[in-house]
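Q: No letters, just coordinates:
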Ligand SMILES: [Zn+2]
Ligand SMILES: [Zn+2]
């Protein structure tokens, strides 16, 4: 007789325990469940339909952000409650420590010393 072992993985986005088959591993050690993935896809569609033009936190227009050596504006996209927030780098640095729940258990979190 074999005992059924239920292994669950915590989704980093919604913090729910999910079966491994319902988890999509993302780069950087982030785990996303299928439910969140569908939300993610919808959020991406929103983004592609109407791209934001300013930082969601300080409202600096992306056109006003200094470009890097390659002439690109560096932005960071954060996921919150089914929506993506585009932030400039200084706002992102302020935001990340507030989201230990999301970034703490990832390689990214370790690099940022969140855990
Ligand atoms: Zn989830
Ligand atoms: Zn900003």
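A: Thanks, I have the structure now. Values in this document were obtained by computation on a predicted structure and should not be read as measured data. Ligands and ions are numbered 1, 2, ... in the order given.
Q: What about residue 12, how many residues nearby?
A: Neighbours of residue 12 under the rule other Cβ atoms under 10 Å: 23. Bear in mind the C-beta positions are built from the backbone N, C-alpha and C, glycine included.
Q: That one contacts residue 106, doesn't it?
A: Yes: proximity of residue 12 to residue 106 meets the contact threshold set by Cβ atoms under 8 Å, at 6.8 Å.
Q: what residues are shared contacts of those two?
A: residue 30 (Cβ atoms under 8 Å, 6 or more residues apart in numbering).
Q: Helices along this structure, start to end?
A: If DSSP state H is used as the criterion, the helices of the chain fall at 34-49, 89-95, 100-103, 107-111.
Q: I'd like to know how many residues surround residue 43.
A: Other residues within reach of residue 43, judged by other Cβ under 10 Å, total 18.
Q: Quick check: closest non-adjacent residue to it.
A: In space, and not counting its chain neighbours, residue 43 is closest to residue 84: 5.0 Å by Cβ to Cβ, 6 or more residues apart in numbering.
Q: Residue 33: what's its closest spatial neighbour, skipping adjacent residues?
A: For residue 33, the closest residue by Cβ to Cβ, 6+ apart turns out to be residue 11, at 3.8 Å.
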